[in-house]
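Colleague: Sharing a model prediction with you, sequence too.
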Amino acid sequence: MGFSLTAVPFSRHLKSRFSFNRFWLSHHNTILRSVVDRIRTSIELKVVLQIAVDEVADLLQVDRCSFFWYFHDTHRIQIMCESVPSRKSGIHVTQRPLRAANLGYYPMETFGSLADAIAQGKLIVNHGATRSPIGAWLQKLPFFKRSVSRTKTPIFGSIANMLVPLKIQAGSIGFLACFSEQPRRWSAVEVELLQSIAQQLEIAIGQAQLYEKSQKQAQRERLVNRITAQTRQSFELETILKGAIAQLLNALAIDRCLVHLVEDLDPPDPAGTAEYLHTPLARQSILREKHLYEVCRPPFLPSVVEFDLSGPITQWVIQNRRPVAIANVAQDSRIGQHNLEYQQAEIKSSLVIPVQAGDNLYAILYLNQCDQVRYWSKNDQKLAQAVADQLAISIKQAHLYAQTQQQAATSEAQTKHLVETLHQLRLTQTQLIQSEKMSSLGRVVAGVAHEINNPINFISGNLPYVENYVQDLTDLIRTYQEQCDQNATLQHLGEAIELDFLLTDLPRILTSMKSGADRIRQIVLSLRNFARLDEAQCKLVDIHEGLESTLLFLHNQFNDEIQVMRNYGQLPLVTCYPQQLNQAIMNILLNAAEALKSWQGQKTIAIASDFVPATAIQPAKVRIIITDNGPGILQSIQSQIFDPFFTTKEIGQGCGLGLTVSYQTIVNQHQGRLECVSEVGLGAEFMIEIPVNQTQP
């Protein structure tokens with residue numbers, strides 16, 4: 001300021017006031033403009049208020065000048081800033097830093113009898129002394145009669161005080177207050193000056209509040225935009241929620257921020273698991289693990305373990321779907337002074353916001369202050385509500401994404417199942433065709449065997465009689481030759497037909513015929529054994545008998561070029577499906593024979609069998625190993641040789657089902673094993689293992 005007033009003794013106070021009045025009347029506009037210009041140097045509310053109290057304190061030479069708000073809803077006063085001048089070398093200066101003890105929230109009782117006047121927004125002038133003649137004269141001024149409230153209540157050690165109201169916004173009243181620790185007669189000029197400054201301060205505060213509102217709105221938008229960006233980067237609910245509450249923790253400078261997902265956890269299993277999950281302990285454990293996310297500021301520790309999922313505030317918010325702002329949890333009747341949860345988490349103030357969209361409540365947002373009692377401002381609540389609204393959208397999107405993913409996974413699983421089913425149907429169809437072919441072949445073989453069997457039985461049955469008849473005739477001829485004289489004609493005929501040779505060779509012919517008939521009977525028996533039309537069910541069979549029947553059936557495929565080597569062990573009778581097992585072994589032998597056709601050098605197929613005793617973990621088994629010394633199988637295709645329709649033959653020479661049928665028969669039907677070991681140039685080895693005893697369906 002361009003001027004300064006110095007405190008004077010009370011006896012000279014009145015004369016000084018008249019000098020100030022004359023100075024004020026002559027320089028009214030200059031002084032007011034100077035103060036207003038200083039106030040308007042900033043648009044930040046705290047700076048504007050601080051400049052105002054500094055200027056007033058310096059101008060009026062008071063012991064303390066403060067600005068405070070009175071809030072109608074909470075009936076509390078918040079001192080925003082104050083200025084305490086001190087004398088130093090005869091010059092008025094302002095101390096820094098401010099005395100923080102007087103800043104903050106105060107109950108109305110702190111202001112004693114001034115409380116009612118403050119609540120009504122009246123101009124308060126307290127001289128702190130008995131009325132003087134000039135004071136009586138001042139009371140006759142019109143504005144004193146209308147607006148002045150006189151009290152004698154000390155405030156923060158002051159005796160005299162003057163409080164000028166500023167009605168800026170609904171719900172609260174601002175006061176520009178001057179305090180004096182000594183009695184002081186506030187002149188009408190001083191009151192008018194302070195009111196003029198208050199009027200200009202109202203304008204500055206309105207502009208600062210508008211700026212502050214825009215800044216806070218921008219802050220809310222930035223925070224919401226960051227949360228929105230996180231939502232776009234990830235649809236994982238945990239990532240979204242943790243990121244949002246971490247940013248909200250920093251934006252509002254709170255100590256704890258926790259989000260509780262409110263969802264039904266009824267499990268799909270209606271049996272004993274569901275009964276267990278309905279117990280409080282199990283539900284608490286599941287919810288804490290999947291539905292509670294918290295961030296906190298050191299030195300405070302996480303409070304998820306102490307969090308009560310069915311606490312009073314949680315239940316109130318669920319029922320009422322409205323925010324709850326609690327400045328002091330100890331004074332809230334729903335929580336009480338001895339709530340263990342809040343005591344363990346050291347919570348002093350709490351702001352609880354429902355995260356909802358329409359009628360759907362997705363979660364509850366908890367903002368907790370632990371280091372001090374906090375009165376949640378409207379901006380705090382607006383910012384928390386904006387975050388809650390965005391979280392509701394994010395949670396809904398995450399749920400929709402999860403449902404989409406689940407539907408996609410379900411569709412994929414169904415598609416995979418349909419593909420597998422179609423593949424299985426094709427395989428089953430092909431196997432049925434193959435089985436029908438084998439069945440038809442078996443019927444043909446059985447029919448041929450039956451048709452051959454009848455005449456060969458007739459031949460075999462009559463050969464002994466023919467042999468006896470020939471022997472009798474031979475004896476008769478020999479006797480006739482010995483007893484009767486032969487004429488020339490008979491002798492000539494005997495020589496012509498070589499009677500002696502005929503009599504000698506005829507028994508040999510009969511013996512050969514008998515041997516041939518026996519061989520035919522064995523072939524017929526082998527054909528019937530391979531076909532086994534009467535043995536479609538699981539029964540006890542001799543594996544070696546089946547092997548020999550199959551080898552006999554494939555004798556024409558082997559020719560004389562392929563040597564078959566046998567090394568049979570002692571095997572028990574095996575419970576199996578004979579026809580299918582013979583077909584599986586035949587397919588493997590055919591594969592070996594076809595591999596050897598184009599192979600140069602000695603061609604050998606070796607068949608070995610042995611018994612695998614039972615152990616503690618597996619039943620008794622029989623093992624059959626079929627080995628060839630052909631070209632072998634490439635390592636790159638060994639894993640595909642049992643796949644349906646896989647073949648290395650040229651088009652039209654194979655359908656790729658032989659080994660597939662063998663695998664299905666041995667592994668699926670007989671619960672056995674079929675493995676192949678091969679190296680290029682060293683042949684291939686197929687190992688078959690089947691249990692001795694089958695479990696019949």
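Modeller: Nice, I can see it.

Colleague: can you map out the helices along the stretch 51-200 of the chain?
Modeller: Applying DSSP state H, counting those that start in this stretch to the stretch 51-200 of the chain gives helices spanning 115-119, 133-139, 142-147, 188-233.

Colleague: Figure out which of those is closest to residue 455.
Modeller: With C-beta to C-beta as the criterion, residue 455 lies closest to helix 188-233 of the helices of the stretch 51-200 of the chain, at 87.7 Å. Where C-beta positions appear, they are placed from N, C-alpha and C, glycine not excepted.

Colleague: I'd like the distance from the helix or strand just after that closest one to the chain centre, please.
Modeller: Downstream of helix 188-233, the next assigned helix or strand under DSSP states H and E is helix 237-252. With C-alpha atoms, centre = their mean, to the nearest Å as the basis, helix 237-252 stands 19 Å off its chain's centre.

Colleague: between the helix or strand that comes right after helix 237-252 and helix 237-252, how many degrees?
Modeller: Remark: after helix 237-252, the chain's next helix or strand is strand 256-261, criterion DSSP H and E. Computed with axes from the mean of the first three to the mean of the last three C-alpha atoms, to 10 degrees, the direction of strand 256-261 lies at 150 degrees from that of helix 237-252.

Colleague: so the longest helix belonging to the chain versus helix 188-233, what angle?
Modeller: Ranked by residue count under DSSP state H, the longest helix found in the chain is helix 378-483. Helix 378-483 runs at 10 degrees relative to helix 188-233, counting by the same axes, to 10 degrees.

Colleague: now for helix 378-483, which elements pack on it?
Modeller: In terms of contacts (3 or more C-beta pairs under 8 Å, 6 or more residues apart in numbering; DSSP states H and E), helix 378-483 is packed against helix 188-233, helix 237-252, strand 349-357, strand 360-369, helix 499-531, helix 578-597, helix 658-663.

Colleague: circling back: can you redo the helices of the stretch 51-200 of the chain as a markdown table with distance to residue 32, mean pLDDT and mean neighbour count?
Modeller: As requested, the helices of the stretch 51-200 of the chain are exported to a markdown table (distance: least, C-beta to C-beta, whole Å; pLDDT from 0 to 100; neighbours: other C-beta atoms under 10 Å):
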| stretch | distance to residue 32 | mean pLDDT | mean neighbour count |
| --- | --- | --- | --- |
| helix 115-119 | 25 | 88 | 17 |
| helix 133-139 | 21 | 52 | 13 |
| helix 142-147 | 17 | 46 | 12 |
| helix 188-233 | 5 | 82 | 17 |
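
Colleague: Ok, which of these comes nearest residue 663?
Modeller: Proximity to residue 663, assessed across the helices of the stretch 51-200 of the chain by C-beta to C-beta, is greatest for helix 188-233 (48.1 Å).

Colleague: hmm, back to that, what's the mean pLDDT across the longest helix of the chain?
Modeller: Taken as a whole, helix 378-483 carries a mean pLDDT of 81.

Colleague: Would you mind writing the CA trace of stretch 35-42 as PDB?
Modeller: Only the C-alpha atoms of stretch 35-42 are listed here, as PDB (Å, rounded to 0.1, in the frame of the first residue of the first chain):
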ATOM      1  CA  VAL A  35      -6.600  -3.000  -2.800                       C
ATOM      2  CA  VAL A  36      -8.800  -4.400  -5.500                       C
ATOM      3  CA  ASP A  37      -5.900  -4.400  -8.000                       C
ATOM      4  CA  ARG A  38      -3.800  -6.400  -5.600                       C
ATOM      5  CA  ILE A  39      -6.600  -8.900  -5.000                       C
ATOM      6  CA  ARG A  40      -7.100  -9.300  -8.800                       C
ATOM      7  CA  THR A  41      -3.500 -10.200  -9.500                       C
ATOM      8  CA  SER A  42      -4.400 -13.900  -9.300                       C
END
